[in-house]
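Colleague: Fold the following for me, if possible:
(4 chains)
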There are 4 protein chains.
Amino acid sequence: MRERSDVARLLRIAGDLRLDFIDSPALAGNPLGDPSVRPVAVYLPPGYDPEGSRRYPVLYCLHGYTGDVAALLSAKPWETNVVQWIDALIARDDMPPCLLAIVDGYTRLGGSQYVDSIHNGNYATYVVRDVVEHVDRAYRTIAREGGRAVFGKSSGGFGAMHLTMAHPGVFAAFASHSGDTYFRFAHPPSFPQVQRTLERHEFDAAAFVSAFERKRKRTQSEYATIEMLGYAAAYSPRSAVAFDVDLPFDVPSGALREDVFERWLAFDPVERAPRALTELGRLRLRYLDCGRRDEYGLDIGARLMASALREGGLTVRHEEFDDDHRNVGYRYEVSLPALAAVLDRE
Amino acid sequence: MRERSDVARLLRIAGDLRLDFIDSPALAGNPLGDPSVRPVAVYLPPGYDPEGSRRYPVLYCLHGYTGDVAALLSAKPWETNVVQWIDALIARDDMPPCLLAIVDGYTRLGGSQYVDSIHNGNYATYVVRDVVEHVDRAYRTIAREGGRAVFGKSSGGFGAMHLTMAHPGVFAAFASHSGDTYFRFAHPPSFPQVQRTLERHEFDAAAFVSAFERKRKRTQSEYATIEMLGYAAAYSPRSAVAFDVDLPFDVPSGALREDVFERWLAFDPVERAPRALTELGRLRLRYLDCGRRDEYGLDIGARLMASALREGGLTVRHEEFDDDHRNVGYRYEVSLPALAAVLDRE
Amino acid sequence: MRERSDVARLLRIAGDLRLDFIDSPALAGNPLGDPSVRPVAVYLPPGYDPEGSRRYPVLYCLHGYTGDVAALLSAKPWETNVVQWIDALIARDDMPPCLLAIVDGYTRLGGSQYVDSIHNGNYATYVVRDVVEHVDRAYRTIAREGGRAVFGKSSGGFGAMHLTMAHPGVFAAFASHSGDTYFRFAHPPSFPQVQRTLERHEFDAAAFVSAFERKRKRTQSEYATIEMLGYAAAYSPRSAVAFDVDLPFDVPSGALREDVFERWLAFDPVERAPRALTELGRLRLRYLDCGRRDEYGLDIGARLMASALREGGLTVRHEEFDDDHRNVGYRYEVSLPALAAVLDRE
Amino acid sequence: MRERSDVARLLRIAGDLRLDFIDSPALAGNPLGDPSVRPVAVYLPPGYDPEGSRRYPVLYCLHGYTGDVAALLSAKPWETNVVQWIDALIARDDMPPCLLAIVDGYTRLGGSQYVDSIHNGNYATYVVRDVVEHVDRAYRTIAREGGRAVFGKSSGGFGAMHLTMAHPGVFAAFASHSGDTYFRFAHPPSFPQVQRTLERHEFDAAAFVSAFERKRKRTQSEYATIEMLGYAAAYSPRSAVAFDVDLPFDVPSGALREDVFERWLAFDPVERAPRALTELGRLRLRYLDCGRRDEYGLDIGARLMASALREGGLTVRHEEFDDDHRNVGYRYEVSLPALAAVLDRE
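Modeller: Residues are numbered from 1 along each chain as shown, chains lettered A, B, ... in the order given. Got it, this is the predicted structure:
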């Protein structure tokens, strides 16, 4: 049997961690020029035997905005990353052994929101088809809907909801931690600072991105701006030409462009849920949580999403806690066992 | 001739400062139970002679939210309040001698927005009728539209725009510093924290206000909440019963209530300007400025207000500067001479 | 009987407030060129009768750094200044009627620390002789040590301790709120930023002060720098020439200058208390409090001062509370009645 | 030839990255109970051939407080970690190919400061003997003083200076980025908050550590406290019993304990430099830099260290830049080529 990887030792986990690289057909030749070869980190619980007969359910983890696989694997003293959490939860028998697959949804603009976009490429297809196929092929998984769940935080939570609504039949459950919802509250507060930042680059997105990439250190406003470009690339692209996106505000006045923002709202889980009750209804678990001091008001979004599900006749597990948007990884202690509990086992 | 007041000496101004108290018929028996007797602080320039024949134009100054006359008169080393500014500007001949009248628009909820409200009382009428009458009666003013301008910062800037639009014929010019405009950006970012704060009081506004008033120190969220109640009292009151207002979000979900927010938008200067071109057109000066880092995005609002005026065929003086919403009193150096320059003189 | 002043009405107090201006012989021709005519604000309780026979004790209030009389009189909704506090405490019978005199200890460098300095002038003498004489002459006071107490916050608390130690026989009690003590912790944390700020002015204090005075807005570092110059002017002046002071760090290295800092420590109440037990012992009340989150570590200083007093065989009233250095005026609710309780009455 | 590791691919470096684990005799049975098996991450430049004849100099990298090897390897979009920096610098030929070894100096209290301590264990010996031996044995290094340099940031910068002074003959150069120096400024500002935090645990360090380790999220004050315990464990241990250290302040008063602080100062590079001129003099490069807004005043420390070296007749490369203590990894662009330039090559 193969030895535990060095990374697994560095993270002091009892299980193992594999770093695979897959070449995604869905991302081949993507317009933004991001690589089609992507890392996927796969956690294997203690006892996992590639030659054995046992098969495991898989939890797919989606990172947040301006994150990637490396960011989710980052570790430091006294903090617990998602791999360390699942390892600990399995070790203390709070959940059955599962695989965890960390998916890379990064783009040059900081993130794909895990949607198929004419501007970014087909990131939803890449996840639900290419990544899942790889994991099912390379590992001893329960290779069916009932053996898979998807979860994430922030944009990763959005992605989890999006993929279960847009691509039913792949995952049997989702968990959204402080996930992007209720865009009416989440996004407009950043529009003024993005408008000001872009004005400093004469509203030329390419000029901004180029300057952003060259900087030694970046301000909070500059991060908000790259994020907004990324959202626009996912929700309101104009063409496959790099940075050719519709912004949700007028240039140079800064006024809200309601026509563009309507396109964003079409992706808002709260708006979509009533129209996606069939897809959401086939799930075994719908899990939402959010800190009651979330800086983006996503706690309101989670409440509204929970209401929308309940009004549609669906159950939902919805929890609130006293914290803000940052460093809420301890919530995995609740969500990972809950997801694992509803998946098929062997 | 009467001596300069002690307050004038304390503020080290060359002119004089009077503190009058007027009993406003418009505020008599106001539903919220605030006093009908209100202070008005009147600055008199050097050379002002109550027995003389010279008459002066008057600049009316409106305070911002959670402010009052005392707050505007507050002084400390190295800072310059509005009275000290006008005194200095007149002393160095940057503007002709004028009177300045600081108006009190305070309510138990922190401010009236200077509008007539079934919940708060008739604060617009109080200003344009009762305060103006008092000043014209008690001082040697140019007692006509051409001798009066109105200005203020933040809610005071809003008030200046509101009064010129809703009560044409009283003032010949307005200046709005970082004034409340484009409510779509300015207000919703606070809704989540207000919703959370009110939830801690079971969404009972009276319970919140009572707790707020008793506290030793108040948090930023609590201030945001009292402000929001004050806006609702001005823009979306439900009755004359204290705290019976419509909030712009649902209880307890927190979702935006678009019907209520539409009532707020009806007061938004940006929305109203196209319908108030006659009233705005009779003004001799329309002055707007805002810092380009305004935390409430009011710089966008000022741009949109300027656009609305220009699209309506009106001129506007619109300036931007590199600062945030706080402590921008140095802008009086620009606005006060500009206002004085367009008023009648003798 | 004279009517209540306009300022008293503005502050909505039941008592009266007088603003006097005294020409202090002690400050005449002071080297720094600050005025010798200074305001003193005197609160008179309800029932005070200048023609009557009753005499009152007087609480002398010293403002903090970068404060002055106007700053202490500043008021705004929901906040309670020292005059409003004493008025309320007397109204609800939590303390007997007293006079309150707010003393001005301001200098061009932001404050005198109420010490006699060859650089600033004789601010201690000015307070204990000139101000006290004026108040005793102009009002119906109990004009003796037993009828006077002194208190203040921050530098005002320091001043209260300094004046009772350096000028025994004037005041019978002191209260120090978050007062400057234990300079070893309180001051060095600012030295690096002061050193950097002065370096931008080539370590020319006059150039810095001149630039500081001209600025529209000042940074926290610039405030820290003017404060440090003010402390040096009080604790380690070099001559009567303006800004000729010894800084507590080397130029340009920034290293602590222990010889200079020793001169500062000679003013530290914690260091002085053991040598001033006679002066401190004649007091009827020694009151200290400080928030346990004080940014300058003054809570440690208050503990050490309390220890020093107790080790010297003296009693002390020492309280701690859960707050930082800012806006702790609500502590007057404790200190003012405590001071009043030990003073002579008629 | 062995393939590049998965971690190297994840970090997108052209070179390779090895994660070794060494069992250090120096750390065996250390009193605090930390593991004696430690990771060391070794970067190998492109072209490195374990079977080849070429040998390379090695740059030893020491992490900062509350860091470890995993923390230094952490990566996220738009940021560049130390491995990515050296890889980029070699790729663009800004420096010759070198090895980089990241050393683990972590303890249960957050860091060893890389000193031999009766309380923590012999971390200096571990680095200069055990780690260096491993690297020289396992890789094709220039296995002598002239082939080695040591560097780090913050506590890592301190470690670099400490090891060259305390263990001459191992490294030929050091670089200290924002390194701990001039403890008089760097440490006392934290004492009050540490004192308050420990008081909440009745000054029982073990109780504090235990609570700290169990928390989901930790405050800045709690981090400052664990750090202070760690410094005390390195600089002023009392015995080999866990947490039996002398704190630099009295309990419960909070007063500075000068006797203990003297023991800390004995480790201060600024204090030691004049006595270590022989050891420092044999170095080929002494490199110091620090941001001029460093929150701990370490820029002053760097100036003083540079002065001490120059006064001792030694040259020093000392640079300042406009930044604070956080995220200054871009300074590697200057330091790594400078270190490499003075080392032996083959």
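Colleague: quick one: contacts for A:G313?
Modeller: By Cβ atoms under 8 Å, 6 or more residues apart in numbering or on different chains, the contact set of A:G313 is A:L277, A:G281. (Glycine included, C-beta is placed from N, CA and C.)
Colleague: which SS state does it fall under?
Modeller: Going by DSSP: H, G, I helix; E, B strand; the rest coil, the secondary structure assigned to A:G313 is coil.
Colleague: What score does it have for pLDDT?
Modeller: You'll see A:G313 listed with a pLDDT of 98.
Colleague: Can you give me the distance of it to chain C?
Modeller: Per Cβ to the nearest Cβ, to the nearest Å, A:G313 is found 47 Å from chain C.
Colleague: need the residues of the stretch 151-300 of chain A near chain D, please.
Modeller: Within reach of chain D by Cβ under 8 Å from any Cβ of the partner chain, the stretch 151-300 of chain A has these residues: A:F212, A:E213, A:R216, A:K217, A:R218.
Colleague: Dump these into JSON lines; add secondary structure as well.
Modeller: Formatted as JSON lines, those follow (three-state DSSP):
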{"residue": "A:F212", "secondary structure": "helix"}
{"residue": "A:E213", "secondary structure": "helix"}
{"residue": "A:R216", "secondary structure": "coil"}
{"residue": "A:K217", "secondary structure": "coil"}
{"residue": "A:R218", "secondary structure": "coil"}
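Colleague: And the residues you listed, which is closest to chain B?
Modeller: A:R218 (17.0 Å; Cβ to the nearest Cβ).
Colleague: Mark which of the residues of the stretch 151-300 of chain A next to chain D are buried, thanks.
Modeller: A:F212, A:R218 (16 or more other Cβ atoms under 10 Å in any protein chain shown).
Colleague: Rebuild the residues of the stretch 151-300 of chain A next to chain D as a markdown table, extending it with distance to A:T141 and pLDDT.
Modeller: What follows is those, written out as a markdown table (distance: Cβ to Cβ, whole Å; pLDDT from 0 to 100):
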| residue | distance to A:T141 | pLDDT |
| --- | --- | --- |
| A:F212 | 39 | 98 |
| A:E213 | 37 | 96 |
| A:R216 | 43 | 92 |
| A:K217 | 42 | 93 |
| A:R218 | 39 | 96 |
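Colleague: Where does the prediction get shaky in chain A?
Modeller: By pLDDT under 70, the low-scoring segments of chain A are A:1-2.
Colleague: Of all the residues in it, which one is nearest chain C?
Modeller: Per Cβ to the nearest Cβ, A:T219 is where chain A lies closest to chain C, at 17.5 Å.
Colleague: Quickly note the distance from that residue to A:S154.
Modeller: Look at A:T219 and A:S154: by Cβ to Cβ, to the nearest Å, they are 20 Å apart.
Colleague: Who has more neighbours out of those two?
Modeller: A:S154 (25 against 12; other Cβ atoms under 10 Å in any protein chain shown).
Colleague: what residues are up against that one?
Modeller: Here A:S154 is in contact with A:G64, A:Y65, A:H177, A:S178, A:G179, A:D180, A:L298, A:H325 (criterion: Cβ under 8 Å, 6+ apart).
Colleague: What subset of these is buried?
Modeller: A:G64, A:Y65, A:H177, A:S178, A:G179, A:D180, A:L298, A:H325.
Colleague: now the residues you listed as JSON lines including secondary structure and distance to chain B?
Modeller: Output for those, formatted as JSON lines (DSSP: H, G, I helix; E, B strand; the rest coil; distance: Cβ to the nearest Cβ, whole Å):
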{"residue": "A:G64", "secondary structure": "coil", "distance to chain B": "19"}
{"residue": "A:Y65", "secondary structure": "coil", "distance to chain B": "19"}
{"residue": "A:H177", "secondary structure": "strand", "distance to chain B": "17"}
{"residue": "A:S178", "secondary structure": "coil", "distance to chain B": "13"}
{"residue": "A:G179", "secondary structure": "coil", "distance to chain B": "15"}
{"residue": "A:D180", "secondary structure": "coil", "distance to chain B": "14"}
{"residue": "A:L298", "secondary structure": "helix", "distance to chain B": "9"}
{"residue": "A:H325", "secondary structure": "coil", "distance to chain B": "12"}
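Colleague: quick one, helices of the stretch 151-300 of chain A?
Modeller: A:155-166, A:183-186, A:191-199, A:205-214, A:220-235, A:258-265, A:269-272, A:277-281, A:298-311 (DSSP state H, counting those that start in this stretch).
Colleague: does any part of the second one sit near chain B?
Modeller: Yes - Helix A:183-186 lies within reach of chain B by Cβ under 8 Å from any Cβ, at A:R184, A:F185.
Colleague: does any part of the strand or helix carrying A:R18 sit near chain D?
Modeller: Taking DSSP states H and E as the criterion, the element that holds A:R18 is strand A:16-23. Yes - counting by Cβ under 8 Å from any Cβ, chain D is contacted by strand A:16-23 at A:R18, A:L19, A:D20, A:F21.
Colleague: partner strands of that strand, parallel or antiparallel?
Modeller: strand A:37-44 (antiparallel) (DSSP bridges).
Colleague: which residue is nearest the centroid of chain A?
Modeller: A:G156 (1.8 Å; Cα atoms, centre = their mean).
Colleague: surely that residue meets A:H63?
Modeller: Yes - taking contacts as Cβ atoms under 8 Å, A:G156 lies within contact range of A:H63: 5.3 Å.
Colleague: what's the overlap in contacts for the two?
Modeller: A:G105.
Colleague: Who are the contact partners of A:D268?
Modeller: A:T181, A:Y182, A:F183, A:R184 are the contacts of A:D268 under Cβ under 8 Å, 6+ apart.
Colleague: State the distance from it to A:V128.
Modeller: 20 Å.
Colleague: Check A:W264 too.
Modeller: From A:W264 to A:V128 the distance is 22 Å (Cβ to Cβ).
Colleague: One more: A:M161?
Modeller: A:M161 is 13 Å from A:V128, by Cβ to Cβ.
Colleague: okay, the helices of the stretch 151-300 of chain A in TSV with distance to D:L99 next?
Modeller: Shown next, in TSV, are the helices of the stretch 151-300 of chain A (distance: least, Cβ to Cβ, whole Å):
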stretch	distance to D:L99
helix A:155-166	36
helix A:183-186	47
helix A:191-199	41
helix A:205-214	29
helix A:220-235	34
helix A:258-265	49
helix A:269-272	49
helix A:277-281	53
helix A:298-311	45
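Colleague: Please identify the most buried of those.
Modeller: helix A:155-166 (a mean of 28; mean count of other Cβ atoms under 10 Å in any protein chain shown).
Colleague: List the neighbours of that one that are in contact with it.
Modeller: Contacts of helix A:155-166 (Cβ under 8 Å, 6+ apart): A:61-65, A:67, A:105, A:111, A:113-115, A:124, A:127-128, A:150-152, A:170-171, A:174-181, A:267, A:269, A:272-273, A:276, A:279-280, A:283, A:288, A:305.
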